[in-house]
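In: sharing a sequence plus its predicted fold:
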There are 2 protein chains.
Amino acid sequence: MPEELKKAKQNGDLIIGVDRGSLLLMQMKIKPDLMVGDYDSLKQNELAKIEKEVADIRYSNPVKDLTDSELMLQYAFKDYQVDELTIFGATGGRLDHFLVNLLMILNPEIKQFARQLTLIDCQNIIKFYLPGLNRINKIAGFPYFGVMNLEAVSELSICGARYQLKKYTSNVPKMFSSNEFLPKKKEFSLSFRKGLVAVIFSKDVNRFQSI
Amino acid sequence: MPEELKKAKQNGDLIIGVDRGSLLLMQMKIKPDLMVGDYDSLKQNELAKIEKEVADIRYSNPVKDLTDSELMLQYAFKDYQVDELTIFGATGGRLDHFLVNLLMILNPEIKQFARQLTLIDCQNIIKFYLPGLNRINKIAGFPYFGVMNLEAVSELSICGARYQLKKYTSNVPKMFSSNEFLPKKKEFSLSFRKGLVAVIFSKDVNRFQSI
């Protein structure tokens, strides 16, 4: 992950630090262009040091309707009008943090940016899809994928993959996990009429690392 | 985790291995009473060795409607009529695996057992709640909690915690993360009229382990 962030910085991409992520970026010698957070997990001297370096600093209220990640998305897409946004470190450790990051795309103000957002960790890449026919390309090194309707979905179909799904309709979220690309196929098709669907591309690293 | 499993075995609790989990248990010298899976991740000699030792072995079809975890829940609650079930290793690494384990409780055949199920990893404890007034007890060593409606919810309220929530109603899942027990309080109350709600108790270990 640090390598990808360093490359992004070299490319001139906008780098955003969320809360303590700003400190982590500085420690990796990657100066964020924008930082967002209530910074309650930073010591005063840590925050003061970063504040001197970063051009655009936004302070959030810890008792608030939007999380720091949601605020960051709004700033990125609305103020900075980025075309694509990749979030690192949104999945690990505390599952309440991961789930807030996974589900924030259902916020009506953010939903429109679904196709522009990617969450990445060392074992998973998460992308989001809107209704219609979506052709999903294979990502090198990630042999498995799971398809999850985050909200009510109608006529969800998966074609051209190891396990097919035909016009699945439901009011509750469900994960169809451990699907695979067909040999020699570089894509599968995902279609649905209503709802918001996440595809999680994954690989095995150490199957029992959580034990 | 191995210690908790060893204690459970010593207590005479029913031990179930799911798929490759059976091998892991045997390696920890904890013989499962029941094993469930298609075992496609085991080598033939690994499977043969375990088959000799385990009393009740169920073989699932890899192309199936229910996942191995869902089948395991059905066997545990219906065939073995267990009062409480704790699942270890359901959260780590591949997020499609975690999400299938988190959401399987929405399966109508399993939902009735919501209050009897717990998912555990080294940093999180997940419990499920049904409509009504639920008093949620603090778990030592887990200062934070997140509340997530897994499906449509009506009048979801959190009282007696750091952040309150009043009669939240929504058709889409949402995680209210990073809440905390009040100092000196050993419980908070969680109430709702319709839906299924997960509470994730968590602690910080290494906030950036996923990067």
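Out: Everything's here; your move. Numbering: from 1, shown residues only, chains lettered A, B, ... in the order given.

In: poorly predicted segments of chain A, please.
Out: Within chain A, the segments meeting pLDDT under 70 span A:63-64, A:206-211.

In: quick one, phi psi at the residue located most distally from the centre of chain A?
Out: Taking Cα atoms, centre = their mean, the residue of chain A most remote from its mean C-alpha position is A:N45, at 30.3 Å. According to degrees, to the nearest 10, the main-chain angles of A:N45 amount to phi -70, psi -30.

In: next: A:Q27.
Out: Here is the backbone geometry of A:Q27 (degrees, to the nearest 10): phi -60, psi -30.

In: quick one: A:L182 and A:A161 touch, right?
Out: Yes: A:L182 is within contact range of A:A161, at 6.3 Å (criterion: Cβ atoms under 8 Å). Using the backbone N, CA and C atoms, a C-beta is placed for each residue, glycine as well.

In: now the residue farthest from the centre of chain A: how far from A:G17?
Out: Distance, A:N45 to A:G17, using Cβ to Cβ, to the nearest Å: 17 Å.

In: the closest residue to A:L117 other than its chain neighbours: how many residues sit nearby?
Out: In space, and not counting its chain neighbours, A:L117 is closest to A:L85: 5.4 Å by Cβ to Cβ, 6 or more residues apart in numbering or on different chains. A:L85 is flanked by 18 other residues according to other Cβ atoms under 10 Å in any protein chain shown.

In: nearest spatial neighbour of the residue nearest in space to the middle of chain A, chain-adjacent residues omitted?
Out: Centroid-nearest residue in chain A: A:L119, 2.3 Å away (criterion: Cα atoms, centre = their mean). Spatial nearest neighbour of A:L119, chain neighbours left out: A:I126 (4.1 Å); criterion: Cβ to Cβ, 6+ apart.

In: where's the one you found relative to B:A152, distance?
Out: 23 Å.

In: so which of these two has more stuff around it?
Out: Ranked by neighbour count (other Cβ under 10 Å), A:I126 and B:A152 place A:I126 first, with 25 against 17.

In: hmm, the more buried one is touching A:I200, no?
Out: Yes: contact criterion Cβ under 8 Å: A:I126 and A:I200 qualify, at 5.1 Å.

In: list residues touching both of those two?
Out: B:L95 (Cβ atoms under 8 Å, 6 or more residues apart in numbering or on different chains).

In: contacting residues for A:S202?
Out: With Cβ under 8 Å, 6+ apart, A:S202 has these contacts: A:Q123, A:N124, A:I125, A:F142, A:Y144, A:F145, A:G146, B:R94, B:L95, B:D96.

In: please repeat the previous calculation with a cut-off of 10 Å.
Out: By Cβ atoms under 10 Å, 6 or more residues apart in numbering or on different chains, the contact list for A:S202 reads A:121, A:123-126, A:139, A:142-146, A:177-178, B:93-97.

In: kindly report the same for A:L106.
Out: So A:L106 contacts A:A114, A:F128, A:L150, A:E151, A:P173, A:L196, B:S170, B:N171, B:V172, B:P173, B:K174 (Cβ under 10 Å, 6+ apart).

In: may I see the buried residues of stretch A:151-167?
Out: A:E151, A:A152, A:V153, A:L156, A:S157, A:I158, A:A161, A:R162, A:L165 (16 or more other Cβ atoms under 10 Å in any protein chain shown).

In: again, but for stretch A:118-126
Out: Going by neighbour count (16+ other Cβ under 10 Å), the buried part of stretch A:118-126 is A:L119, A:I120, A:D121, A:Q123, A:N124, A:I125, A:I126.

In: one more: stretch A:167-177?
Out: For stretch A:167-177, a neighbour-count test (16+ other Cβ under 10 Å) marks A:Y168, A:V172, A:P173, A:K174, A:M175, A:F176, A:S177 as buried.

In: likewise stretch A:10-19?
Out: Under the neighbour-count rule (16+ other Cβ under 10 Å), stretch A:10-19 has A:I15, A:I16, A:G17, A:V18, A:D19 buried.

In: just the residues you listed that are near chain B?
Out: Contacts with chain B are made by A:D19 out of those, judged by Cβ under 10 Å from any Cβ of the partner chain.

In: go through the buried residues of stretch A:10-19 and name the one nearest chain B.
Out: Among these, A:D19 lies closest to chain B (Cβ to the nearest Cβ), at 9.5 Å.

In: now the closest one. Nearest residue, chain neighbours left out?
Out: Take A:D19 and drop its neighbours on the chain: the residue closest to it by Cβ to Cβ, 6+ apart is A:G37, 3.4 Å away.

In: surely the one you found meets A:R20?
Out: Yes: between A:G37 and A:R20 a contact is recorded at 7.5 Å, counting by Cβ atoms under 10 Å.

In: what about A:K6, how many residues nearby?
Out: Counted with other Cβ under 10 Å, residues neighbouring A:K6 total 14.

In: what's the separation between it and A:M28?
Out: From A:K6 over to A:M28 the distance is 7 Å, taken as Cβ to Cβ.

In: got it, and A:L73?
Out: Taken as Cβ to Cβ, the span from A:L73 to A:M28 is 22 Å.

In: between the two, who's got more neighbours?
Out: Higher neighbour count among A:L73 and A:M28: A:L73, with 27 against 15, using other Cβ under 10 Å.

In: identify the residues contacting the helix or strand hosting that one?
Out: Assessed by DSSP states H and E, A:L73 sits inside helix A:68-74. With contacts defined as Cβ under 10 Å, 6+ apart, helix A:68-74 is touched by A:16-21, A:34-39, A:58, A:60-62, A:64-67, A:82, A:85, A:87, A:90, A:97, A:100-101, A:104-105, A:107, A:109-110, A:113, A:116-117, A:119, B:177-178.

In: in terms of helices and strands, where is A:L47?
Out: helix A:44-53.

In: which other residues reach the helix or strand just after that helix?
Out: Beyond helix A:44-53 on the C-terminal side, the first helix or strand identified by DSSP H and E is strand A:56-59. Residues from elsewhere that reach strand A:56-59 (Cβ under 10 Å, 6+ apart): A:14, A:16-17, A:22, A:32-39, A:47, A:50-51, A:68, A:71-72, A:74-75, A:79-80.
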